[in-house]
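**Q** below are the sequence and a predicted model for it; my questions follow.
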Amino acid sequence: DQQVKQNSPSLSVQEGRISILNCDYTNSMFDYFLWYKKYPAEGPTFLISISSIKDKNEDGRFTVFLNKSAKHLSLHIVPSQPGDSAVYFCAASGGVQGAQKLVFGQGTRLTINP
Amino acid sequence: GAGVSQSPRYKVAKRGQDVALRCDPISGHVSLFWYQQALGQGPEFLTYFQNEAQLDKSGLPSDRFFAERPEGSVSTLKIQRTQQEDSAVYLCASSHRVTEAFFGQGTRLTVV
């Protein structure tokens, strides 16, 4: 039972263009969503988050959008830079599982081409 | 230290061997989490501590898995009688809140 899904295993984007990473979830009780970035041989690094009471959160080049009715969130990176090449995980928390446990998607490998 | 430190970084174990994985959280962080990440998958929750209390161990896959944090700081994840399906990266994270969980580099366990 995959509660958080990232249906695109990989994405390739030209440097300077917009990268859009998508994530879907099934548990309507989730109330907090996060994006993590992971380089090879390193642990995930927190990138940006959004509460279910909002539909958008922006931090520099990174913006997360939340569509609760569609149970969908997306991460926009603009402009994309070569250093953004990494695996991106979306994660969710809340509901009956409690606020202390993160449920992760499978990840999307983003490659930024110069 | 400045971040979450895990040791060893890599561990090769023969099937049936016991292993112990160590996590040094960020100083002062009350919450500590263990996750298991299989190849090509996202991290999956194993267990959660608040100080020395293990408040949630619902993700531990079997009774061969045991975690402790006796003094509310360093934590150890122990796997007894390792099996090939235990091969994965084991991630430790610490935080004040789940919204700011900081992950270590992980321990890659390979069971042969």
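**A** Good, I have the coordinates.

**Q** how close does the most centrally placed residue in chain B sit to B:T76?
**A** Centroid-nearest residue in chain B, with Cα atoms, centre = their mean: B:W34, separated by 3.7 Å. Distance of B:W34 to B:T76, given as Cβ to Cβ, to the nearest Å: 10 Å. All C-beta spots, glycine's among them, are computed from the backbone N, C-alpha and C.

**Q** over to A:D59?
**A** Using Cβ to Cβ, A:D59 is found at 35 Å from B:T76.

**Q** which of these two has more neighbours?
**A** Neighbours were counted for A:D59 and for B:T76 using other Cβ atoms under 10 Å in any protein chain shown; B:T76 has more, 14 against 10.

**Q** need the per-residue pLDDT for that one.
**A** Looking at B:T76, its pLDDT stands at 98.

**Q** cool, and the one 3 residues further on?
**A** Note for B:I79: predicted pLDDT of 98.

**Q** try the one 5 residues further on
**A** As predicted, B:Q84 sits at a pLDDT of 96.

**Q** that one reaches B:R15, doesn't it?
**A** Yes. Using Cβ atoms under 8 Å, B:Q84 is in contact with B:R15, at 6.3 Å.

**Q** find residues that contact each of these two.
**A** The contact sets of B:Q84 and B:R15 overlap at B:V111, B:V112 (Cβ atoms under 8 Å, 6 or more residues apart in numbering or on different chains).

**Q** stretch B:74-85 and chain A in contact?
**A** No. Stretch B:74-85 does not reach chain A (Cβ under 8 Å from any Cβ of the partner chain); its nearest approach is 14.7 Å.

**Q** which residues are contacting that stretch?
**A** B:13-25, B:32, B:34, B:46-47, B:49, B:64-69, B:86, B:90, B:92, B:109, B:111-112.

**Q** can you name the residues of chain B sitting close to chain A?
**A** Selection of chain B residues close to chain A by Cβ under 8 Å from any Cβ yields B:4, B:31, B:33, B:35, B:40-45, B:48, B:50, B:55-56, B:59, B:91, B:93, B:98-106.

**Q** can we see that at 10 Å?
**A** B:3-4, B:6, B:9-10, B:31, B:33, B:35, B:37, B:40-50, B:55-56, B:58-59, B:89, B:91-93, B:95, B:97-106, B:108 (Cβ under 10 Å from any Cβ of the partner chain).

**Q** just to revisit the earlier point, bridging residues for the residue nearest to the centre of chain B?
**A** On the basis of DSSP bridges, B:W34 is bridged to B:T47, B:C92.

**Q** hang on, the earlier thing: from the residues of chain B next to chain A, list the buried ones, please.
**A** Among these, those classed as buried by neighbour count (16 or more other Cβ atoms under 10 Å in any protein chain shown) are B:4, B:6, B:31, B:33, B:35, B:37, B:41-49, B:56, B:59, B:89, B:91-93, B:95, B:98, B:101-106, B:108.

**Q** looking at those residues, which are in helices?
**A** Assignment to helices by DSSP state H places none of those there.

**Q** ok now stretch B:24-36, how far from the chain's centre?
**A** In terms of Cα atoms, centre = their mean, to the nearest Å, the gap separating the centre of stretch B:24-36 from the centre of its chain is 9 Å.

**Q** same check, this time on stretch B:38-56
**A** Distance of stretch B:38-56 from the chain centroid (Cα atoms, centre = their mean) equals 7 Å.
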